[in-house]
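S.K.: build me a model from this:
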Amino acid sequence: MHGATRPPYALRPHQAAALDGLERAFTAGRRRAWVVLPPGAGKTLTGLEAARRLGHPMVAFAPNTAIQGQWAREWRAFGGTAGVGRELSDAGFNVLTYQALASFDPEAEVDEDGAETGSPLDRLRPSGRELVERLRARGRLTVLLDECHHLLDTWGELLAEVLEGLPDAVVIGLTATPPDRLTAAQAALVDKLFGPVVAGPSIPAVVREGDLAPFAELAWLTTPTPVEAGWLAAEAERFAELTTDLLDPAFAPVPFLTWLDERLVRHDGITWARLERERPELTTAALRFHHAGLLALPDEARLREEHRQPPGAGDWVALLDDYVIRCLRPGGHESAVAAIRTALPSVGYQLTARGVRGGRSPVDRVLARSAAKTSAVVEILAAEAASLGDRLRAVVICDYENAAATVPARLSGVLADEAGSARLVLEELVRDPRTAVLAPLLVTGRTVAGSAEGARAFADTCTENLTFTDAGDGVAELTGRWTSRTWVARATRFFEDGGSRVLVGTRAMLGEGWDARGVNTLVDLTEATTATSVVQTRGRGLRIDPAWPDKVANTWSVVCVAAGHPKGAADWQRFVRKHDGYYGVTDAGEIMAGVSHVHPALSPYAPPPEADFGAFNATMLIRAAERHRVRALWRVGEPYADRLVHTLRVIPTDGGGRFAVTLRTAGAPAESGRRPAADRRRGPAPRPPAVVAGAHGVAPAPEVGVWPSVAAGVGVMTACLVAGLMLPLAFAGGLLCGWAVREARRALIGARVLRDTSHDPDLGAMACALADALRAAGLAPRGSEAVAVEPDETGAYRIEMDGVPPEASSCFAIAFDELVSPLGDPRYVLPRHFLTARGPLAGWRLMTRRGEPNPVVYHAVPAVLGGHRRHADLLAREWARWVSGGEPLYTRGPEGAGVLAAQRGGSPMDVTTAMRATWM
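M.R.: Numbers count the residues shown, from 1 in each chain. Reported below is the predicted structural model:
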């Protein structure tokens, strides 16, 4: 049926692989498939080619008219003809919007009693039902569902029913949302609608292939305006008063901290592991309270990176909810309950009959829509324009064009009515002379607007008869007899040609499916944090630009933080959620998920200090200007494995002790400081040190050779005889000389051993010991030869197992975190003896075993090895080869319990740790 059509471009490797996957699925008898490809990787072409090969009539559905137009243009590039109406032309290919089908009759929604009536098909308007009948009449056809993640949230029930009525149809869903980012309910619906996923490559893999543009994830940190900050400070006072009162033992008959001690520190009748599994919000809050010095360390607990933060509003609220429900209300302490109820709204919570419930906080709204964020957009685009000049093509994505509702009375005078809107961003850009010259243009599903000069220049490129309307603040709107399908296409072409260097729009129009290859700067002002919205929004800048083959895209997030408010990190946490599971390149050349790819010093659990914002933003601007360096960091064209490696960052504490790192990844360093995966194990495998510290001295004990001492003694005795001394004197002199030589050699050898044996804890040796133990226990396929230890630009060390499955690298990273972290409640601990003395005298004492016992600290045997004595002994065996002699101590016995009590909560090393995931 489509014999005269052909793909307009050669298929890329990932497109060919996806088509092969579809062919295997259809050959196996499946009639439905869900294909995942990154934004910009050619989903439209892949879907059309798959449908073309099947040879049936094709009907595609798209989420909006702009994407509908793109499908039509792409099929015309194949050499075909496209229909775009509900009547379904005989062209062989028709493309519609989902709304063309999902148009419901409001009178059919409910019956006279207000109950829902019928199925989704029964509630369609006549035009929708007629379209369904036309689809059924086609018989065998191929249905293409673009951006089909929408089906999971909006049209899923309807499409499921429609597809049930098309038994002869082949259905291909296309999306950029990775399957591992779906919720359980979404994954179940995908399986029901489509069956197993045909997964394509990750975004980093397509960048490495050269089919997507390299990109840098950047952030601009700002604080609220003075007016906003004043309001936030006043709001914070009520909650601060509550927290102060809660710490007063007189607050209630059962004081708050007393309750927490009984409930969480001792947690009688329930293990910490179970409590952590069933109530993670409580255990996290309790450990943050411990970090703040408000609680003792709960029995069996261990601090991790996420716990080493001050407690925030969410932590207080989690504990208050438990306190009210389990203690205050059963005890009838209504005055304490009333005080809590009064204070909670200041941080966006309400105390109900069923406990504390959250809602959209006015504080969150102020931070998300702060005027400081709009000002930041101006600074970012001014800097990008200074760097790129006429080559700049920037897009600013907002949630909405205009405010849908007035600002709440509580925020009157704090936020403008249009705060956070695309309209306000346009006005700010037009007002500032640095960005007005960029001819910014607002393009949404309802409006086209810009500066008077810019709007007129755009109108001159259009054939329609357009009217100019003065919208105030230097902005002019264009109206006429045209639709968004037309003006979006025209504005995109005007933008790509350089008539406008900045488009401002909404996520609904420009944040998904919209195709402009020239985009090289994207500023994300949206609040959406779902995996779908993040991938789609960022995908706008990743397409290859034929006019600039070396294009590198900068994606900016603007984050507003109010350090003095208990919910002042709400916008930061939104930023963290956006980057969770999304991969970008670090300044050291690693490709990592999470905010650490923006800067390795960033933590997902707390923003940096406000005093550092200026320096941080300056660093981001420098990186933004170094596009050539970012491209080099991505190493386009080099081999890759497209898999994850779990990495532990070990960070020396400020003013803490030293530690050694004798192990380094082999091979020449890359320009970035991060070695290519293929080069990382080219050197010889690491070897254990010749000796390690033991309880006394070192093991194995060095030996002093006999023959040098004998030779020296014989030589002296011979010299004495030649000199005419009597034999007894000559013999005594020989013995004395031999003894002196032996002791001197002992001192020198001992001094050399002390010099060559690390006095500081050796991260590389510890990592090798753990890796070999995991291999011996059958928990990892490789051992010390797979360990990689590398420094980064912040002074921290990245430690990981390379060339092993993700589950093994995760096991290693978690276990190493436990090994070097403060003791919690491990079943076994291992001693690490270390040497402190140096010099010949100390060396002689070492060799003669006359020295004092070596100092010792204890490390936790990681839980994965601590469950059985046999596995703990495996670690002790490897520990004795790499680190230190000593047997594992069982902490439930008297000696081990004493060690645990003495060192519990204390750190065996002056470091903090952070778990990260790295793409290889």
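S.K.: name the spans of the stretch 1-150 of the chain whose pLDDT lies under the cut-off.
M.R.: Applying pLDDT under 70 to the stretch 1-150 of the chain picks out residues 103-118, 150.
S.K.: swap in the chain?
M.R.: Across the chain (using pLDDT under 70), the flagged ranges come out as 103-118, 150-156, 404-410, 654-684, 697-760, 836-852, 905-906.
S.K.: where's Tyr858, which helix or strand?
M.R.: Per DSSP states H and E: Tyr858 is located in strand 856-860.
S.K.: helices and strands around the following helix or strand past that strand, which ones?
M.R.: Once strand 856-860 ends, the next helix or strand along the chain (criterion: DSSP H and E) is helix 863-866. With contacts taken as 3 or more Cβ pairs under 8 Å, 6 or more residues apart in numbering; DSSP states H and E, helix 863-866 sits against helix 763-776, helix 806-820, helix 869-882. From N, CA and C alone the C-beta is placed, and that goes for glycine too.
S.K.: what number of residues lie near the residue lying closest to Leu644 once chain neighbours are set aside?
M.R.: Distance criterion Cβ to Cβ, 6 or more residues apart in numbering; nearest residue to Leu644, sequence neighbours excluded, is Pro806 at 4.7 Å. Counted by other Cβ atoms under 10 Å, the residues lying close to Pro806 total 12.
S.K.: swap in Val170?
M.R.: Neighbours of Val170 under the rule other Cβ under 10 Å: 22.
S.K.: I'd say it and Gly139 touch.
M.R.: No - applying Cβ atoms under 8 Å, one finds Val170 not in contact with Gly139, separated by 11.7 Å.
S.K.: can you dump the C-alpha atoms of stretch 302-318 in PDB for me?
M.R.: Extracted in PDB, the C-alpha atoms of stretch 302-318 (Å, rounded to 0.1, in the frame of the first residue of the first chain):
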ATOM      1  CA  ARG A 302      23.100   4.000  61.100                       C
ATOM      2  CA  LEU A 303      23.500   7.400  59.700                       C
ATOM      3  CA  ARG A 304      23.600   7.800  56.000                       C
ATOM      4  CA  GLU A 305      24.100  10.800  53.700                       C
ATOM      5  CA  GLU A 306      20.400  11.700  53.800                       C
ATOM      6  CA  HIS A 307      20.400  11.800  57.600                       C
ATOM      7  CA  ARG A 308      23.300  14.200  58.000                       C
ATOM      8  CA  GLN A 309      21.100  17.200  57.500                       C
ATOM      9  CA  PRO A 310      19.200  19.600  59.800                       C
ATOM     10  CA  PRO A 311      15.600  18.500  60.300                       C
ATOM     11  CA  GLY A 312      13.200  20.300  58.000                       C
ATOM     12  CA  ALA A 313       9.500  21.000  58.200                       C
ATOM     13  CA  GLY A 314       8.600  17.600  56.800                       C
ATOM     14  CA  ASP A 315      10.700  15.900  59.500                       C
ATOM     15  CA  TRP A 316       9.000  17.800  62.300                       C
ATOM     16  CA  VAL A 317       5.600  17.200  60.800                       C
ATOM     17  CA  ALA A 318       6.200  13.400  60.400                       C
END
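S.K.: and it, what's buried?
M.R.: Within stretch 302-318, the residues scored as buried using 16 or more other Cβ atoms under 10 Å are 302-305, 307-309, 311-318.
S.K.: got it, and stretch 223-236?
M.R.: 223-225, 228-229, 231-232, 235-236.
S.K.: repeat for stretch 858-872
M.R.: Residues 858-866, 871-872 are the ones in stretch 858-872 that count as buried (16+ other Cβ under 10 Å).
S.K.: again with stretch 625-639
M.R.: Of the residues in stretch 625-639, 625-627, 629-636 count as buried by neighbour count, 16+ other Cβ under 10 Å.
S.K.: show me where the stretch 551-700 of the chain has its helices.
M.R.: Remark: helices assigned in the stretch 551-700 of the chain by DSSP state H, counting those that start in this stretch are 570-579, 613-625, 627-634.
S.K.: angle of the second one against helix 627-634?
M.R.: Using axes from the mean of the first three to the mean of the last three Cα atoms, to 10 degrees, the direction of helix 613-625 lies 80 degrees away from that of helix 627-634.
S.K.: buried residues in helix 613-625?
M.R.: Within helix 613-625, judged by 16+ other Cβ under 10 Å, the buried ones are 613, 616-617, 620-621, 623-625.
S.K.: now, which of these sits nearest Thr794?
M.R.: Proximity of the buried residues of helix 613-625 to Thr794 (Cβ to Cβ) peaks at Phe616, which lies at 12.7 Å.
S.K.: which one, of the helices and strands packed on helix 863-866, ends up nearest to Val395?
M.R.: helix 806-820 (34.2 Å).
S.K.: C-terminal to the closest one, what's the next element?
M.R.: Next along from helix 806-820, by DSSP H and E: strand 828-833.
S.K.: what comes into contact with that next one?
M.R.: By Cβ atoms under 8 Å, 6 or more residues apart in numbering, the residues outside strand 828-833 that reach it are 693-695, 761, 823, 854-861, 866, 869, 872, 875-876, 879, 883-891, 896, 899-900, 903, 908.
S.K.: quick one: contacts for the residue nearest the centre of the chain?
M.R.: Geometric centre of the chain, nearest residue: Gly594, 1.7 Å, by Cα atoms, centre = their mean. Contact analysis of Gly594 by Cβ under 8 Å, 6+ apart lists 576, 579-582, 604, 916-917.
S.K.: what's the burial count for the nearest residue to Gly420 once chain neighbours are set aside?
M.R.: Among residues not flanking Gly420 along the chain, Arg369 sits closest, at 3.2 Å (Cβ to Cβ, 6+ apart). Neighbours of Arg369 under the rule other Cβ under 10 Å: 26.
S.K.: what are the bridge partners for Leu889, then?
M.R.: Beta-bridge pairing for Leu889 (DSSP bridges): Val829.
S.K.: list the contacts for it?
M.R.: Neighbours of Leu889 in contact, by Cβ under 8 Å, 6+ apart: 828-831, 858, 895-896, 899.
S.K.: buried members of those residues into ChimeraX, please.
M.R.: In ChimeraX syntax, the buried subset of the contacts of Leu889 is picked out as below (16+ other Cβ under 10 Å):
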select :828,829,830,831,858,896,899
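S.K.: dump the contacts of Leu889 into TSV; add distance to Asp364 as well.
M.R.: Converted to TSV, the contacts of Leu889 look like this (distance: Cβ to Cβ, whole Å):
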residue	distance to Asp364
Tyr828	45
Val829	44
Leu830	46
Pro831	49
Tyr858	44
Glu895	52
Gly896	48
Val899	47
